[in-house]
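Undergrad: here is a sequence with its predicted model. Questions after.
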Amino acid sequence: MSWSNEQLTSLMRDAVAFTLRHVESGGLPFVGVVIDESGHVSEYGVNQVRETGDPTAHAEIVAMRATIRDRDRTDLAGMSLLATGEPCGICYRFAIRQRIKRIYVAVCSDAVATWGFDYRDSYRLLGIDRARMVDLVTPLPVTNGLEPFERYLRLNRPV
């Protein structure tokens with residue numbers, strides 16, 4: 001199966017909708033989903049750093065780890081990752097190491113930074129040159145892509 005742009009956009013819209021529900025329940029506005037050409041769609045990965053104490057339990061990494069476990073694989077060669085917010089340096093490094101072939105991003109890190117999630121320094125620290133990522137990263141904006149970040153700030157703004 002080859003994912004059409006319409007199918008990918010629909011998956012991203014679903015991921016953003018899930019992110020909104022996750023934010024409403026107290027979570028962070030990031031979700032990762034792994035897909036492959038057989039039609040497999042992973043469970044939604046959400047940031048679990050607070051719950052687990054694992055500083056690498058970011059949404060994208062959680063989704064990739066679950067796929068490796070559930071599919072009994074040693075890596076994710078040939079699979080793709082959908083991320084509601086552009087991955088940080090740690091998540092990019094993990095995706096590259098797991099041989100992810102494509103990362104689709106609803107909202108870039110520059111836009112996310114304007115909503116209080118500025119992790120762009122992690123790229124430099126981990127040797128990620130975003131200008132060289134064009135063969136790996138594809139923007140996949142959806143209409144309400146920023147809404148989870150806006151909602152998170154509204155719900156968590158100090159009174």
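TA: Done, it's in. Numbers count the residues shown, from 1 in each chain.
Undergrad: can you list the low-confidence ranges for the chain?
TA: 159 (pLDDT under 70).
Undergrad: quick check: bridge partners of the residue nearest the centre of the chain?
TA: Closest residue to the average C-alpha location of the chain: residue 83 at 2.5 Å, with Cα atoms, centre = their mean. In this entry, residue 83 is beta-bridged to residue 32, residue 105, by DSSP bridges.
Undergrad: which parts of stretch 62-76 are buried?
TA: 62, 63, 64, 65, 66, 67, 68, 76 (16 or more other Cβ atoms under 10 Å). In this view, the C-beta of every residue, glycine as well, is placed from N, C-alpha and C.
Undergrad: which SS class is residue 34?
TA: strand (DSSP: H, G, I helix; E, B strand; the rest coil).
Undergrad: from residue 133, how far off is the closest residue to residue 86 other than its chain neighbours?
TA: Spatially, and ignoring its direct neighbours in sequence, residue 86 is nearest to residue 109 (4.2 Å; Cβ to Cβ, 6 or more residues apart in numbering). Counting by Cβ to Cβ, to the nearest Å, the gap from residue 109 to residue 133 is 11 Å.
Undergrad: check residue 108 too.
TA: Taking Cβ to Cβ, one finds residue 108 at 11 Å from residue 133.
Undergrad: ok, residue 35 next?
TA: Taken as Cβ to Cβ, the span from residue 35 to residue 133 is 19 Å.
Undergrad: all strands of the chain, in order?
TA: Secondary structure of the chain (DSSP state E): strands at 31-35, 45-46, 80-83, 102-105, 137-139.
Undergrad: picking that back up, list the contacts of the residue nearest to residue 86.
TA: By Cβ atoms under 8 Å, 6 or more residues apart in numbering, the contact set of residue 109 is 85, 86, 88, 118, 119, 120, 123, 130.
Undergrad: could you do residue 29 as well?
TA: Here residue 29 is in contact with 19, 22, 23, 84, 85, 117, 148, 149, 151, 152 (criterion: Cβ under 8 Å, 6+ apart).
Undergrad: let's see which of those residues end up in helices.
TA: Using DSSP state H, 19, 22, 23, 148, 149, 151, 152 are the members of these that sit in helices.
Undergrad: out of the residues you listed, give me the one that has the most neighbours.
TA: Using other Cβ atoms under 10 Å as the neighbour criterion, residue 148 leads these with 30 neighbours.
Undergrad: quick one, which of residue 35 and residue 133 is more surrounded?
TA: residue 35 (22 against 17).
Undergrad: is it true that the more buried one touches residue 7?
TA: No. The pair residue 35 / residue 7 is not scored as a contact, 9.3 Å apart, by Cβ atoms under 8 Å.
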